[in-house]
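Asks: Sequence first, then the predicted structure, then my questions.
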Amino acid sequence: MSKISESISRRVNAVCAVALISSCCDWSRAAETTAPPATPAIVAPPAGAYKLDKAHASLVLRANHMGFSTYTTRFSRFDAQLTFDPMHLSASKVQTTIDASSFEMAAAPQMCLDIMKGPQMLDTSKYPLIVFQSESVRMTGARSMEVSGTLTLHGVTRPIVLAATYNGGYAGMPNMDPQARVGFSANGSFKRSDFGITFGVPALGTTMGVGDLIDFAIEAEFTGPPLAVAPADKH
């Protein structure tokens, strides 16, 4: 190989090496700029007063219908206040108020709704509110508990026990959720006849009617104290 060819070859190799190094640097910088942002650390929710987030809450009821199905209904308007301490869940307290007239049935004829809200059943004109007030909480697991309290329905107040689970929470998320948030699931049951609502209860030994036993399930998120903003770093 001539000296001219060797010189050209060395120059070509040098250019290729520089290009390779440059492309690696560019790739490294691109990887740095396109890397996903770090997930913010989850901070535990603080103790304090919480209120129901109505956009993330549901209250459904189920009853046997003539032995043919378990029929599902719901209340669409209710509110709740929660006193909460993540370090002492057994000290939690909750009060729930339900608008009885918000009772809903899927695709139900108006006649059925009128009966359910009328004097034979809920009698919402006379008893517009249904109220649950907790009295004590007994822990049954790390996050599971029994909530004992009273249910006032149809003008009658009786004791009731709910099985509840604390689903978790956080102190808030910067730029996304500016307040503390916690979530609970709960369920329970009662006999409507215990509250004086006996219309349509099947006769003993039959299923012809609407069952006496009412099962209910609650899903609820609560918002609490505002997220504490860390002080700006001064330099």
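Replies: Yep, that arrived. Numbers count the residues shown, from 1 in each chain.

Asks: Val210 reaches Val201, doesn't it?
Replies: Yes - checked against CB atoms under 8 Å, the pair Val210 and Val201 is within contact range at 7.2 Å. From N, CA and C alone the C-beta is placed, and that goes for glycine too.

Asks: Look at those two and report which has more neighbours.
Replies: Val210 (19 against 15; other CB atoms under 10 Å).

Asks: What distance do you get for the nearest residue to that one once chain neighbours are set aside to Asp212?
Replies: Setting aside the residues directly before and after it, Val210 is nearest to Gly200 in space (CB to CB, 6 or more residues apart in numbering), at 4.4 Å. Noted for Gly200: a distance of 9 Å to Asp212, by CB to CB, to the nearest Å.

Asks: Over to Leu59?
Replies: Leu59 is 20 Å from Asp212, by CB to CB.

Asks: One more: Gln81?
Replies: 31 Å.

Asks: more neighbours, the two?
Replies: More crowded of Gln81 and Asp212, by other CB under 10 Å: Asp212, with 17 against 14.

Asks: so who does Met139 touch?
Replies: By CB atoms under 8 Å, 6 or more residues apart in numbering, the contact set of Met139 is 89-90, 145.

Asks: re the thing from before, count the residues that sit near the residue nearest to Val210.
Replies: Neighbours around Gly200, by other CB under 10 Å: 18.

Asks: Please tell me I have it right and it contacts Gly211.
Replies: No - under the criterion of CB under 8 Å, Gly200 is not in contact with Gly211, lying 9.0 Å apart.

Asks: Return the distance of Gly200 relative to Leu113.
Replies: 14 Å.

Asks: do the same with Ile98
Replies: Taking CB to CB, one finds Ile98 at 16 Å from Leu113.

Asks: which of these two has more neighbours?
Replies: The neighbour count for Ile98 versus Leu113, taken as other CB under 10 Å, is higher for Ile98 (22 against 13).

Asks: Which helix or which strand is home to the more buried one?
Replies: Following DSSP states H and E, one finds Ile98 within strand 93-99.

Asks: Would you mind putting the CA coordinates of that strand into PDB?
Replies: The C-alpha coordinates for strand 93-99 follow below in PDB (Å, rounded to 0.1, in the frame of the first residue of the first chain):
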ATOM      1  CA  LYS A  93     -65.600   8.100  63.600                       C
ATOM      2  CA  VAL A  94     -68.000   8.600  60.700                       C
ATOM      3  CA  GLN A  95     -71.400  10.000  60.200                       C
ATOM      4  CA  THR A  96     -73.400   9.400  57.000                       C
ATOM      5  CA  THR A  97     -76.500  11.200  55.900                       C
ATOM      6  CA  ILE A  98     -78.600   9.800  53.000                       C
ATOM      7  CA  ASP A  99     -81.200  11.600  51.000                       C
END
